[in-house]
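Q: prediction below, plus the sequence it came from.
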Amino acid sequence: MEHKFIYLLKPILRVLVFIFYMFLWAIPVGLLTQLNIFKFPTESLSGFFFGEISFALMAIGALLMIFQTYPTRNFESVFVVKTNVLPAFLKGTAIGLALILACTALMYINGNVVFLPTKIELDSIFAYLVFFIFVGISEELVFRTFPLVVFAERYKLWFSIFINGLLFGLIHFSNPSFSVFSMINITLCGILFALVTLQKRNIWWSVGIHFGWNFCQGTLLGFKVSGINTPGLMVTRPIGDVTFSGGSFGIEGSVICTFVLILYLVWLIRKSKIEPLEEVFVEYDLSRER
């Protein structure tokens, strides 16, 4: 009989296998970069595009290898569904837009932000729209597919969602002007994405929220996106206490963002329950320990 410790450890080992496969797919990407086959100016949109497309391909490649390692797994079982893609994406986008607009309205009323006019070409708006779609797809494929599923199948749902969000926050640690509130808010975003994915069993909802959140704060309103500059329809200047304005990190560095996210998460949890996930295979019966 399998030991209880091994039973509880296996999801972590499976996620490590997924990460290892990601690294394997990163090797050819790294070679292309080292050989200067693709050259991009520093912090250019083309370079960002290459990075996000590469990240998405690494995630897809790792998932395909996972499906070979664990034959009971497939895209459907990790929430990458083929049905209801566009409606789920658009509804998620509306949620992301609404959340950012709520944060912005409160920051404006509190006197923590001013908007200045600027000029941006129409093709730049479209380019960033596509770019932020790829950001949403790549990061959601990495975090809200296999790693979320194997944790949620075996551990408590609240623990799985929290860990997923925490890891999502930690990967932004090296972003410019990262702060305590940046960590809290990006972790809360990861928790939101994980919660919605588990509720809907459809990753395109979280991709949409992720896209709407980034595109609205960056391209539409002119905030920095997680500390990174993006051209927008206007220029946003933070005012006053950085705790409320977010400073040079943007909306995600503000306690106002924390308030809005927590409020929405509480409403979402009260509104919809998550049905427990059934494991594709059962290797250990905990009732034998009782």
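A: Yep, that arrived.
Q: what's the neighbour count on residue 184?
A: Around residue 184 there are 18 other residues, counting by other CB atoms under 10 Å. The way it works is simple: take the backbone N, C-alpha and C, and place the C-beta from them, glycine included.
Q: local confidence estimate at it?
A: The confidence metric pLDDT takes the value 96 at residue 184.
Q: gap between it and residue 66?
A: Applying CB to CB, to the nearest Å, the value for residue 184 to residue 66 is 31 Å.
Q: need the nearest residue in space to residue 241, chain neighbours excluded.
A: Spatially, and ignoring its direct neighbours in sequence, residue 241 is nearest to residue 112 (7.5 Å; CB to CB, 6 or more residues apart in numbering).
Q: right, and that neighbour touches residue 254 too?
A: Yes. Using CB atoms under 8 Å, residue 112 is in contact with residue 254, at 7.2 Å.
Q: joint contacts of these two?
A: Shared contacts of residue 112 and residue 254 (CB atoms under 8 Å, 6 or more residues apart in numbering): 244-246.
Q: among these, which are in helices?
A: 244-245 (DSSP state H).
Q: which of the shared contacts of residue 112 and residue 254 lies closest to residue 210?
A: The closest of these to residue 210 turns out to be residue 246 (CB to CB; 18.6 Å).
Q: thought residue 258 was touching the closest one, still the case?
A: No. Using CB under 8 Å, residue 246 is not in contact with residue 258, being 10.4 Å away.
Q: which of those two has more neighbours?
A: Set residue 246 next to residue 258 and count neighbours by other CB under 10 Å: residue 246 wins out with 30 against 17.
Q: ok, now which ones touch that one?
A: 107, 112, 181, 223, 238, 252-254, 256-257.
Q: do the same with residue 127
A: By CB under 8 Å, 6+ apart, the contact set of residue 127 is residue 45.
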